[in-house]
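Novice: I need the structure of the sequence given here:
(2 chains)
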Amino acid sequence: MKTLLDSLMVNYPYFAAMILFIIGAFTVLTRSNLFKKLIGINIMESAIFLMFIAAGNIRGGAVPILDKANPKALYINPLPSALMLTGIVVSVSVTAFALALIIKLYQFYGTTDARRIAELKKEVASR
Amino acid sequence: MTATIKSNLPVFVVIMPLFVAFVLPTFARRIRLVEGLVTATTALGFLGAGYLASLILIQNGNPINYSLGGWSAPWGIEIQVSNLSCFFLLMVAGVSLPIALFAADNMTHEVGGPQQTTRFYALYLLLGGALAGMAVTSDLFNVFVLVEVATLSCCGLVSSSNHPWASEAAFNYLILATLGSALILGGIGFLYIITGHLNMEFASHELNRVWQGYPHVVWIAASFLLVGFGVKSALFPLHVWLPDAHSAAPSPASAILSGLAVKGYAICLIKVLYNVFGIALIQDFGIHRILTLLGMIAIIAGSVFALTQDKLKRRLAFSTVAQVGYIFLGLGLANSQSLTGMLFHMASHAVIKSGLFLAAGAIIATTGKNRISEMAGVGRKMPITMAVFTICSVSLVGIPLFSGFVGKWHLLLGSLEAGNRLAQAVIIVGSVLCAAYLFPIIRVAYFEPTPVADCRDPGLPQMIALIMLAAWVIILGVVPGPFLELAKRAAIDLLVMK
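Specialist: Just a heads-up that it's a prediction; the model follows:
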């Protein structure tokens, strides 16, 4: 038990990422409001970004700018952060596109609730 | 000049469609020019892919490594043209060319004005570029980026149809696909954490050295990647977005989505599983058993669902779910025969399903009817369209002398080699079910007496596209020769540990 707690204390960013990921996935899969689904997606992606950035962090590491006066300095790993910039760009474009689709759906169905849209669609199909 | 192009060809086949996609909207006022540019780009892509494939065949399958920006492997991003990449590149180019031809003329009434049509083409080329990228990339993070480019352009293609149902289908697709890409990114993250590399070769080397220290992390990474790519390539229980999205999209978009996009994600999964984890690790962890089981369930369930659909495009979409099952089954059996069969089936299904969707699109466009029961007599009014539909159906069922047979034959040989009785039964039952859901359409179209009102075969470019796809089906079936050879070599490459 103690070792589990200890490893949790050391690896808390991963733990936080896991909890965020579960919250996000749960929101996406259980909420019927389209906006909430989208928010869930964003929470989930933030969890992954957090995990990546935590993986690049080195305790006591400095900003990774080469310091010629101090060649033995400890730097954090800049690669995951750089990759996550790309990840954030992707996530923003997904969000923008999804919002545009929600606007289009709202204009046609007059609601942003996935269940209500499914009902309306059935009514149209049965007519 | 030619020397520069030749030495940089691996990156040109990826960059060119992407570049043209971004330039395209500036020509929106001259729609003929746009169509010409798109066709020329896909045709050039085909030539490039053919040249690369011939180079690889001459080199006896030695891969061409290309370092982007001159930074070599562990630091820079590497592009690798191997047998597998050539195979997939040829498949992408060979199918996207007829689809681009078919789309000319046909798009304006399915999507709207020239502005929308141009946007459609831009998305089409983006998807083509992303798929070509998936074929050649050997960098894990690039896989994620290309998967995202492909996903967003797929969703855009689905929603490009004017119908609000299309927007809804696109939204559902987008949400599930983004869930999938978050899982993929997570999986790649776990691999990066334990190996410290993003280049597939280096990551594989490191992973096979250190995995015993972190078996749980490897498990989590594998399951994240499997579920992530499973959602995207519509593996059976995760396929829920596919029927809506593929049937709501405009027909050329359905063709490329069903024919190629789904396989792009499958190729990424193959690369990650076989090039990073490696066959030894797959077998140690039993991943191949999961793949086989899921594949078998997908074949049966997808076919049964397809049987119950009355809308033509929905039936074809469910058929894709079943055929994706064959891909996963071949992946899971994990011997050289089954992998050859899986790759060949992938290519032949790409051609067949594009042909089926385009023929269906031509029928729906001229008759305005999308239910199979209303298609009585279409075969007599639209002889060539329906002939192509018939050739493709017969091939998908797996009758000898058509391309579907070669793939299924090798899959069957693979399952014999693996000694998996259940898989043999499922492959054969899948074929029977495939006949059961495709042949009634042909029967209704040719032999039902009531002729539909006025309809005739589509215009010349569409006819050329349809005939081209039918020709691919027959050529691949009668003389699979070099293409099958490429698939065989790719399968052997996958099984060799580096």
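
Novice: next one: the residue of chain B found nearest chain A from B:W71, what distance?
Specialist: In chain B, the residue that lies nearest chain A is B:P164 (3.9 Å; C-beta to the nearest C-beta). Bear in mind the C-beta positions are built from the backbone N, C-alpha and C, glycine included. Going from B:P164 to B:W71 by C-beta to C-beta, to the nearest Å gives 47 Å.

Novice: burial measure for B:L273, as a count.
Specialist: 23 (other C-beta atoms under 10 Å in any protein chain shown).

Novice: surely it is in contact with B:A280?
Specialist: No - at 11.8 Å, B:L273 does not count as touching B:A280 under the criterion of C-beta atoms under 8 Å.

Novice: residues touching the residue of chain A found nearest chain B, list them.
Specialist: Closest contact between chain A and chain B, by C-beta to the nearest C-beta, is at A:F108 (3.9 Å). Taking C-beta atoms under 8 Å, 6 or more residues apart in numbering or on different chains, we find A:F108 in contact with B:164, B:167.

Novice: at 10 Å instead, please
Specialist: Going by C-beta atoms under 10 Å, 6 or more residues apart in numbering or on different chains, A:F108 touches A:117, A:120, B:163-165, B:167-168.

Novice: now swap in B:G45 and tell me
Specialist: Contacts for B:G45 (C-beta under 10 Å, 6+ apart) come out as B:12-14, B:16-17, B:20, B:89, B:92-94, B:96-97, B:100, B:125, B:128-129, B:132.

Novice: which of those residues fall in helices?
Specialist: Among the contacts of B:G45, the members found in helices (DSSP state H) are B:12-14, B:16-17, B:20, B:89, B:92-94, B:96-97, B:100, B:125, B:128-129, B:132.

Novice: restrict those residues to contacts with chain A.
Specialist: Near chain A, taking C-beta under 10 Å from any C-beta of the partner chain as the test, no member of those is found.

Novice: in the helix or strand hosting B:T292, what's buried?
Specialist: Assessed by DSSP states H and E, B:T292 sits inside helix B:287-307. Buried positions in helix B:287-307, judged by neighbour count with 16 or more other C-beta atoms under 10 Å in any protein chain shown: B:287-288, B:290-292, B:294-303, B:305-306.

Novice: tell me the mean pLDDT for the one helix or strand B:G477 maps to?
Specialist: B:G477 belongs to helix B:460-478 when assigned by DSSP H and E. Rounded to a whole number, the mean pLDDT of helix B:460-478 is 89.

Novice: can you check stretch A:62-81 too?
Specialist: 82.

Novice: where's the nearest residue to B:L412 once chain neighbours are set aside relative to B:S415, distance?
Specialist: Once flanking residues are discounted, B:L412 sits nearest to B:I427: 5.5 Å by C-beta to C-beta, 6 or more residues apart in numbering or on different chains. Using C-beta to C-beta, B:I427 is found at 6 Å from B:S415.

Novice: how about the lengthiest helix in chain A: buried residues?
Specialist: Criterion DSSP H: the longest helix present in chain A is helix A:78-109. Counting neighbours by 16+ other C-beta under 10 Å, one finds that the buried residues in helix A:78-109 are A:79-80, A:83-84, A:87, A:90-91, A:94-95, A:97-98, A:101-102, A:104-105, A:109.

Novice: ok, now stretch B:485-498?
Specialist: B:486-491, B:493-494.

Novice: what residues sit buried inside stretch B:214-233?
Specialist: B:214, B:218, B:221-233.

Novice: out of those residues, which is nearest to B:V351?
Specialist: Ranked by distance to B:V351 (C-beta to C-beta), those are led by B:S233 at 17.7 Å.

Novice: tell me where chain A has helices.
Specialist: A:2-10, A:12-30, A:34-56, A:78-109, A:114-126.

Novice: who touches both of B:I427 and B:S415?
Specialist: Counting by C-beta under 10 Å, 6+ apart, the residues touching both B:I427 and B:S415 are B:329-330, B:341.

Novice: out of these, give me the one that has the most neighbours.
Specialist: Neighbour max across these (other C-beta under 10 Å) = B:G330, 33 neighbours.

Novice: who are the contact partners of the residue lying closest to it once chain neighbours are set aside?
Specialist: Distance criterion C-beta to C-beta, 6+ apart; nearest residue to B:G330, sequence neighbours excluded, is B:M342 at 2.5 Å. Applying C-beta under 10 Å, 6+ apart to B:M342 gives the contacts B:266, B:270, B:295, B:326-334, B:407, B:410-411, B:414, B:487, B:491, B:494.

Novice: with B:Y51 instead?
Specialist: Residues near B:Y51 by C-beta under 10 Å, 6+ apart: B:5-6, B:9, B:13, B:86.

Novice: redo that, cut-off 7 Å
Specialist: B:L9 (C-beta atoms under 7 Å, 6 or more residues apart in numbering or on different chains).
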